[in-house]
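Sequence and computational prediction follow.
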Amino acid sequence: MDDRFVDDESDSLSSYPRTPRIFDRFDDSSSSDEEFSPSSSSFSNNPNCSSQNGVVKAAGKKLDYMIQFLDRKLSKVNSNNNNGSTNSGPLPEFVAAGGGTGIFQLPVRSAVRPDRPPSLEVRPHPLRETQIGCGLRTILCTEKQLWAGGENGMRCWEFEDIFSSGQGEGEGEGEEDVRVGDEMTAPFRESAEAPEVTCMVADEGAGVVWSGHKDGRIRCWRMEMDQRRRRENGLRECLSWQAHRGPVLSMVMTSYGDLWSGSENGNIKIWPWEAIAKSLSLKAEERHMASLIVERSYVDLRNQVTINGVCYMFALDVKYLVSDHSTAKVWSAGHQSFALWDAHTRELLKVFNTDGQVENFVEIPPMQDMTTEDEMKLKFVAALRKEKPLAAFGFFQRSRNAILGAADAVRRAAVKGACGDDGRRTDAMVATIDGMVWTGCSSGLLVQWDGNGNRLQELHHHASAVQCLCTYGSRIWVGYGSGVVQVLDLDGKLLGSWVAHSSSVMKMAVGAGYVFTLAGHGGIRGWNITSPGPLDNLIRSELSGKEFLYTRLENLKILAGTWNVAEGRASQDSLISWLGCAASDADVVVVGLQELEMGAGALAMSAAKETVGLEGSSVGQWWLDAVGNILDEGSTFERVGSRQLAGLLISVWVRNSLRAHVGDIDAAAVPCGFGRAIGNKGAVALRMRIYDRIMCFVNCHFAAHIEAVNRRNADFDHVYRSMVFSRPSNGTAAIMPYLSLPCFVACFVYLSSFVYRCGLPFALCLAVGISSAAQILRGPNGFGVRSEVMPELSEADLVIFLGDFNYRLDGISYDEARDFISQRCFDWLRERDQLWREMEAGRVFQGMREAIVRFPPTYKFERHQPGLAGYDAGEKKRIPAWCDRVLYRDSRPSSESECSLDCPVVCSASEYDACMDVTDSDHKPVRCMLNVDIACIDESMRRQEYCEIIESNQEIRCKLQELCRVPETIVSTNNVILQNDGTSLLRITNKSRTERAVFTIICEGESTIDEDGLASNHSPRGSFGLPRWLQVTPATGVIEPDKTMEVSVHHEDFPTLEEYVDGVPQNSWCEDARDNEVILVVKVHGGCCTEIGNHRIRVRHCFSPKTKDIDSKFAQRGTKTQGNLLHRSSIQNLNTSLDVFDQLRKLHTP
């Protein structure tokens, strides 16, 4: 809704209490309840069939979800009434003890998470595979829009449409026209394909958004477009030029309307507003000149600060440009250095480092630090010199010391950047309204600076790297690499903290009463600007109560099969018997194989591949192809992932119809053999999202022999705790294999030598040396220290363990076991099953479930001997056992829990069997068919429910009205007349006794005064910047309750302006000495609300005596012109600067 300027104060007071702009989505300006009606506004804004179709579709979906909810309730009642019946259903289960506590507790899932404020899902988490080449990199808010820049162009969301149905629903477009991954995204406009966007800045004065790109160009996009062009053309650039040879890394609009851009090697250019305004004003037939005019107008700041060939500024990449509007300064920063500039004179004021130490000359020489490789060579050589022939224990002790010393060098390198201490590297920067600047470091450190570049304090609220900062009013938001968002006050006090995303928070922006966060995976969420606050619990309670209106249920059938193939290969008939028939009913097929290849050479080769990040073998590929052929891969199923570790292999196939809902696929492997280094024992796993729920499939092979129960338990514990799917995502991690090479060689030599002295085969010694070296250097989680509270498997909604667990039967002889098997007395055998005993005691597979075993033991058989007579009858006569198993854990805290958003995945087994007719191995293949119910959130429906709650709940509306109240403020004058070099003081008084008042002063427009003393056609500069002859200090600030702040309005001597062509000054002249008038607007609001009070001030500079006389006459007849001026104590509630500007155009300046 566009707010209208209200002249009648009594009318505004009598109208309905107004909610903030966060919910202004409709054009109707009435104050009745219809103003907030989604249906009425929808049809009034878009009175066409497509909009009506959208409303009908949304209503139909809501009805479907309500029917699903009622069906679940009725089916539960019917199942309770039929408990005594013998109808077929899920298989009975055995549940292990020890679940639900410690590392085995279930992940928290709910309709609205209790540990964080309710959020608005603008763009739900898209699957990673859909974002290749089109991921989002940055976001920006204007008064009415949310903009996003990505790898292939720009996007724009209108705030008035942000609560609407998903991009693929109800807007007159077929779902096939919607980009994959954006089906539930709020409606947006998109540009044609463009190079990757690296940075953006909004220019509200010109009504455009500037974007910097990886190809070095700056592009301009109009904010306002009519409805027809929105639908037909999307976003179209209106101006672009080649700004830099390298990528545009940062941009900012200064207090005087100039556009600054930064690139590599300290390159900063200024694009004067005069050239930009001229280009934007050209007619259509002159547009071909626009780019050239701007491109050649730049001012190169490196030339400005170069004296006698010496450049007095840092030569690092300009990662950040920040404008401090309070004092009209600009900060430029790299990762390790800062430079402070005067936005008015463009002079370099100061250069200093991250410790606040002033640097007179910062042309950074090559690093003199000892390289990591040299450091490790010294340690290696020193260790060799100290080595003397001693006993085996002494050798091992020296080996251990050398390995730990070298590994320590690599770990230090892992946390040390290319330019020094990586922990103090600047990764984020923001200027707050009180004139301070905050920076965030990769170590999680937050540093506060004053406007002159003096370091004031440092804070440490979180251990993860600071990725981004943003501010509005009296609050600062911090986004971390861990996905955590924190809220601070202007003094740095922590007000709130929560996990906003499952990946890093890349960028934040404030607009329309929300703080929008862009996650590393591409999702965008909006958080109420008042959070944490009293609104959170109210909205959370209302949203939870309407869960059934946006809950969608899906059903899957997962076929999990495990087989120890004993280094053999299966016939086609065996594979069909195992998987072929059962797969016809399955949506997902998970296959786990063990003992593909077990020779020492194969283990050594596998270890070597793992060290350099490779995996797989020809044998593994044969099995993938063979199973794929059985499943009709390509036509019916698609293989989405696989992982091999020596003899272990896991792979997952999904039906083609399900493929669009499967993604974020990651793999992991944990060796458990010989010192947790060799892959003859261990686990491989795949993790993926299916219907937005996390599912993990883990294929295991644990320690053998009947007496090794504790080792098997330890293997499971090691796998569960150490399984890590996360992949390295930063540059330091990418170069670690090269940095670690000398250290790896040292570890390999020592370990291989030690194992060889113990008498093991040479090939196995190589395998142990390679794998152990990699494990010691890398650790379970790669380079660096991972501060992990819970294992990653604990965060999954569904975990399926399958494989050869090697648990045997206790207290029974071979002959007794054969007799019970022939009589199919499996109940008695199960009582002697080691696995069930350990699970019952809570020592392994804590909290996991298994369907009751009703098939014969699957180990050990003679090859190619059919039937139960094939059990091992050789010299060892191994006791038959259920070594091959399938276990699972879903979201249920108890067996009675039903599928809902609090318990989103419910799994039960409908078939659990072994293929006794398969004779290709000494193990029988096992399969388990799982029926999985999944509760999903329909984010487009949830957005609409969120909106309806805000608009219809009277308690929430009253709270919003209370929170968004503008403090009563008085400005001392409406008119300021300045002489040459004159200064006038504005006094802004906060009359509130309890609330702070936050103010910002902008220039709505500038005009010259004609001979009659009148000014018209006030035109704004870029970003409502000041003219060069005017200085306002401070232009932003915070006024304490019942206090007054003085603002200096100063006329600067008309400076000599220079016109630059290709960075070289060509022409200079004195600025026009005619009388000028500007309209200043003091924008006042509370600490954390978007309701704004505006006070309009006319500032004139009088140069000629004639104009002075006119102004004095004007001052004497103030009553005659008072209609165009505001009383000094009046504050008008205009919510946007554009509202003010629209109103100014209706007024006549006397």
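That came in fine, so what should we check first? Residues are numbered from 1 along each chain as shown.

Check which helices and strands the host helix or strand of residue 948 is in contact with.
Using DSSP states H and E, residue 948 falls within helix 939-952. In terms of contacts (3 or more C-beta pairs under 8 Å, 6 or more residues apart in numbering; DSSP states H and E), helix 939-952 is packed against helix 38-45, helix 49-81, strand 119-123, helix 534-545, helix 954-963. C-beta here means a position set from N, CA and C on the backbone, and glycine is covered the same way.

which parts of it are buried?
Residues 939-951 are the ones in helix 939-952 that count as buried (16 or more other C-beta atoms under 10 Å).

same question for it, mean pLDDT?
In this model, helix 939-952 carries a mean pLDDT of 91.

and the nearest residue to residue 555 once chain neighbours are set aside, what does it touch?
Nearest residue to residue 555, sequence neighbours excluded (C-beta to C-beta, 6 or more residues apart in numbering): residue 933, at 5.7 Å. Contacts for residue 933 were tallied using C-beta atoms under 8 Å, 6 or more residues apart in numbering; they are 553, 554, 555, 899, 905, 906, 907.

okay, the helix holding residue 948 in PDB with CA atoms only?
Extracted as PDB, the C-alpha positions of helix 939-952 are listed here (Å, rounded to 0.1, in the frame of the first residue of the first chain):
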ATOM      1  CA  GLU A 939       6.100 -22.600   1.800                       C
ATOM      2  CA  SER A 940       3.900 -20.600  -0.500                       C
ATOM      3  CA  MET A 941       0.800 -21.500   1.600                       C
ATOM      4  CA  ARG A 942       2.800 -20.800   4.800                       C
ATOM      5  CA  ARG A 943       3.700 -17.300   3.500                       C
ATOM      6  CA  GLN A 944       0.000 -16.600   3.000                       C
ATOM      7  CA  GLU A 945      -0.900 -17.800   6.400                       C
ATOM      8  CA  TYR A 946       1.800 -15.700   7.900                       C
ATOM      9  CA  CYS A 947       0.400 -12.600   6.200                       C
ATOM     10  CA  GLU A 948      -3.200 -13.400   7.300                       C
ATOM     11  CA  ILE A 949      -2.100 -13.800  10.900                       C
ATOM     12  CA  ILE A 950      -0.400 -10.400  10.900                       C
ATOM     13  CA  GLU A 951      -3.400  -8.700   9.300                       C
ATOM     14  CA  SER A 952      -6.100 -10.400  11.300                       C
END
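
give me the number of residues near residue 262?
Residue 262 sits with 26 neighbouring residues when counted by other C-beta atoms under 10 Å.

my read: it touches residue 318, true?
Yes - the pair residue 262 / residue 318 is scored as a contact, 2.8 Å apart, by C-beta atoms under 8 Å.

mean pLDDT lowest for which of the helices and strands packed on helix 939-952?
Mean pLDDT is lowest for helix 38-45 among those, at a mean of 36.

residues shared between the contacts of residue 262 and residue 318?
Counting by C-beta under 8 Å, 6+ apart, the shared contacts of residue 262 and residue 318 are 249, 250, 268, 332.

can you count the residues close to residue 554?
17.

Just grab the bridge partners of it for me.
Residues in a beta bridge with residue 554, per DSSP bridges, are residue 934.

tell me the contacts of it?
Contacts for residue 554 (C-beta under 8 Å, 6+ apart) come out as 691, 933, 934, 936.

Among those residues, which one sits closest to residue 111?
Nearest to residue 111, judged by C-beta to C-beta, of the contacts of residue 554 is residue 936 at 11.4 Å.

so the closest one sits right up against residue 553, yeah?
Yes - A contact is recorded between residue 936 and residue 553 when judged using C-beta under 8 Å, the distance being 7.5 Å.

hmm, back to that, mind checking how far the helix holding residue 948 is from the chain centre?
A distance of 23 Å separates the centroid of the chain from that of helix 939-952, by C-alpha atoms, centre = their mean, to the nearest Å.

Could you do stretch 1077-1086 as well?
Distance of stretch 1077-1086 from the chain centroid (C-alpha atoms, centre = their mean) equals 36 Å.

CA-only coordinates of that stretch in CSV, if you can.
Presented in CSV, the C-alpha positions along stretch 1077-1086 are these (Å, rounded to 0.1, in the frame of the first residue of the first chain):
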residue,chain,number,x,y,z
GLU,A,1077,18.0,26.1,-2.7
VAL,A,1078,17.9,22.6,-1.4
ILE,A,1079,15.2,20.7,0.4
LEU,A,1080,16.5,18.7,3.4
VAL,A,1081,14.4,16.1,5.1
VAL,A,1082,15.1,15.0,8.6
LYS,A,1083,13.8,11.4,8.8
VAL,A,1084,13.1,10.3,12.4
HIS,A,1085,12.2,6.8,13.6
GLY,A,1086,12.5,4.6,16.6
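
average pLDDT for it?
92.

ends of stretch 627-647, how far apart?
Terminal residues of stretch 627-647 are spaced 17 Å apart (C-alpha to C-alpha, to the nearest Å).

Just the buried positions in it, please.
Neighbour counts over stretch 627-647 (16+ other C-beta under 10 Å) mark 627-628, 630-631, 633, 637-647 as buried.

tell me the mean pLDDT for it?
Here stretch 627-647 scores 94 as its mean pLDDT.

How about stretch 500-515?
95.

next one: stretch 1017-1026
Across stretch 1017-1026, pLDDT averages out at 88.

now it: how far from the chain's centre is it?
Computed by C-alpha atoms, centre = their mean, the separation of stretch 1017-1026 from the middle of its chain amounts to 35 Å.

same deal with stretch 1082-1101?
Worked out by C-alpha atoms, centre = their mean, stretch 1082-1101 lies 34 Å from the chain centre.

what do you get for stretch 852-870?
With C-alpha atoms, centre = their mean as the basis, stretch 852-870 stands 50 Å off its chain's centre.

buried set for that stretch?
Result for stretch 852-870 [16+ other C-beta under 10 Å]: buried residues 853, 856, 857, 858, 859, 860, 861, 870.

Next: stretch 812-828.
Buried residues in stretch 812-828, counting neighbours by 16+ other C-beta under 10 Å, are found at 812, 814, 817, 818, 820, 821, 826.

which ones are touching the residue positioned nearest the centre of the chain?
Closest residue to the average C-alpha location of the chain: residue 519 at 1.3 Å, with C-alpha atoms, centre = their mean. By C-beta under 8 Å, 6+ apart, the residues touching residue 519 are 125, 483, 500, 501, 502, 503, 504, 505, 506, 525.

Tabulate those residues (a markdown table), appending secondary structure and neighbour count.
Listed next are these as a markdown table, based on DSSP: H, G, I helix; E, B strand; the rest coil; neighbours: other C-beta atoms under 10 Å:
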| residue | secondary structure | neighbour count |
| --- | --- | --- |
| 125 | coil | 22 |
| 483 | coil | 20 |
| 500 | coil | 26 |
| 501 | coil | 22 |
| 502 | coil | 16 |
| 503 | coil | 19 |
| 504 | coil | 21 |
| 505 | strand | 27 |
| 506 | strand | 21 |
| 525 | strand | 22 |
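
which one of those residues is nearest residue 696?
Nearest to residue 696, judged by C-beta to C-beta, of the contacts of residue 519 is residue 502 at 14.4 Å.

ok, back up a step: just the closest of the contacts of residue 933 to residue 1039, please.
Checking the contacts of residue 933 one by one against residue 1039 (C-beta to C-beta), the nearest turns out to be residue 905, at 52.9 Å.

Could you count how many residues lie near the closest one?
Residue 905: 25 neighbours (other C-beta under 10 Å).

ok, it touching residue 888?
No - the criterion here is C-beta under 8 Å, and residue 905 misses it with residue 888 at 10.0 Å.

joint contacts of the two?
Listed as contacting both residue 905 and residue 888 by C-beta under 8 Å, 6+ apart are residue 798.
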